[in-house]
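Student: With the sequence up front, the predicted model follows.
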Amino acid sequence: LHVGNLAAVMALRQLRASGARPVALVGGATGLVGDPSGRDSEREMLTEERVAQNVAGLRRDLGRLLDLSPGGEAELVDNLDWMRGMSAIDLLRDVGKHFRVTTMLSRESVRARLERDDAQAGLSFTEFSYQLLQAYDFLHLYRTRDCRIQVGGSD
């Protein structure tokens, strides 16, 4: 965890104090893709082992701040659990068809990279599709855990 996570963790604690059971999401799947936000160039692809270590570290760190035990005050989920079995065809047909490229291009994380003069900077399809995975996370959590509020990811 880093200071950038502080607001989201505090929001989880506040939701819990209000009687909700927050769901903290870690990105095992999105970690394998790489978030283009705030970057001038593509992130180095992490190995599955490295992403698993990052997820374990986040689980450990969040567990110090929230009771993540079964039936505890909060739940921690990893998007790799529901993304791993999704084929590219499923992603394109079931998720991608609901997105308009013009809207996706208007996102700050995408627009900033495309406006750079450096032709090598650009944006890979992998990074461009990151926002599909983020949106699907919220849909999945809504369907499976009746999650109605998202705190954190802004793109």
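Tutor: Ah, there it is.
Student: List the buried residues in stretch 100-116.
Tutor: Within stretch 100-116, the residues scored as buried using 16 or more other C-beta atoms under 10 Å are 104, 107, 109-110, 112-113. No exception for glycine: its C-beta is placed from N, CA and C like everyone else's.
Student: quick one: contacts for residue 110?
Tutor: Neighbour list for residue 110: 36, 104, 123, 128, 131 [criterion: C-beta atoms under 8 Å, 6 or more residues apart in numbering].
Student: And it, how far from residue 131?
Tutor: Here residue 110 is placed at a distance of 8 Å from residue 131 (C-beta to C-beta, to the nearest Å).
Student: Residue 141 too?
Tutor: Residue 141 sits 16 Å away from residue 131, going by C-beta to C-beta.
Student: Which of these two has more residues huddled nearby?
Tutor: A direct count of neighbours by other C-beta atoms under 10 Å for residue 141 and residue 131 places residue 131 higher, at 21 against 18.
Student: That one contacts residue 105, doesn't it?
Tutor: No - using C-beta atoms under 8 Å, residue 131 is not in contact with residue 105; the gap is 10.5 Å.
Student: quick one on the thing from earlier: could you find which two of the buried residues of stretch 100-116 are furthest from each other?
Tutor: Farthest pair in those (C-beta to C-beta) is 104 and 112. Separation: 13.5 Å.
Student: If you drop the residues flanking it in sequence, what lies closest to residue 105?
Tutor: Distance criterion C-beta to C-beta, 6 or more residues apart in numbering; nearest residue to residue 105, sequence neighbours excluded, is residue 111 at 6.6 Å.
Student: cool, residue 8 as well?
Tutor: Spatially, and ignoring its direct neighbours in sequence, residue 8 is nearest to residue 152 (4.2 Å; C-beta to C-beta, 6+ apart).
Student: what about the one you found, how many neighbours?
Tutor: 14.
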